[in-house]
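> Here is my input; please provide its structure:
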Amino acid sequence: TAIERNNIFATIKRCAKKLKPEYNGNVYLETVRCYFDISQENLEKCRYTYHGNETYAFLMSDKYIMALYTHCLVARKEAAMKDVQMEGLTEKEYGMVRLTKVGDVLFQAFLFDDVKFQTGNIIGELLTIYVERRRITNGKEG
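Numbers count the residues shown, from 1 in each chain. Okay, here's the model as predicted:
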């Protein structure tokens, strides 16, 4: 719910103030779309009418949500290992996609509360905040 999401953000802000982190590098937000398919038969079982609008409701246990989250993490790492060339990215951005320029992961969230449907797939988003890995050459950061 919106209240639960606001509570999560408030907790994150309290933790950040308490820890007072300092980062010696650029911080990046990555959004990865995670695609899941569901059979038409199962999708029909999840169809509901809410306030006069047709929608879907998926009942998921914490264990099931963690399995989807883990699946997204593994798929993201596998995509990085494939070393697929992407047009329009700088070398630094391409290094982030390959996970070679990534230092610390500051925060990660699997957003499944704003699900989208596209060509027979259910889409959730995996958000990750990275700190760029710093190179040290001749005793200087660069």
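
> Where do the helices of this protein begin and end?
Counting by DSSP state H, residue ranges of the helices within the chain are 2-19, 40-45, 62-82, 91-97.

> Distance to residue 126 and mean neighbour count for those helices - can I get that in CSV?
Bear in mind the C-beta positions are built from the backbone N, C-alpha and C, glycine included. Putting those into CSV (distance: least, CB to CB, whole Å; neighbours: other CB atoms under 10 Å) gives the following:
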stretch, distance to residue 126, mean neighbour count
helix 2-19, 16, 10
helix 40-45, 22, 10
helix 62-82, 5, 13
helix 91-97, 14, 14
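
> want to throw those helices into TSV with distance to residue 118?
Putting the helices of the chain into TSV (distance: least, CB to CB, whole Å) gives the following:
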stretch	distance to residue 118
helix 2-19	23
helix 40-45	13
helix 62-82	16
helix 91-97	22
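
> need the contact list for the most centrally placed residue in the chain.
The geometric centre of the chain, computed from its C-alpha atoms, lies nearest to residue 126 (CA atoms, centre = their mean), at 1.4 Å. When the contact criterion is CB atoms under 8 Å, 6 or more residues apart in numbering, the partners of residue 126 are 31, 32, 33, 34, 69, 72, 73, 76, 108, 109, 110, 111.
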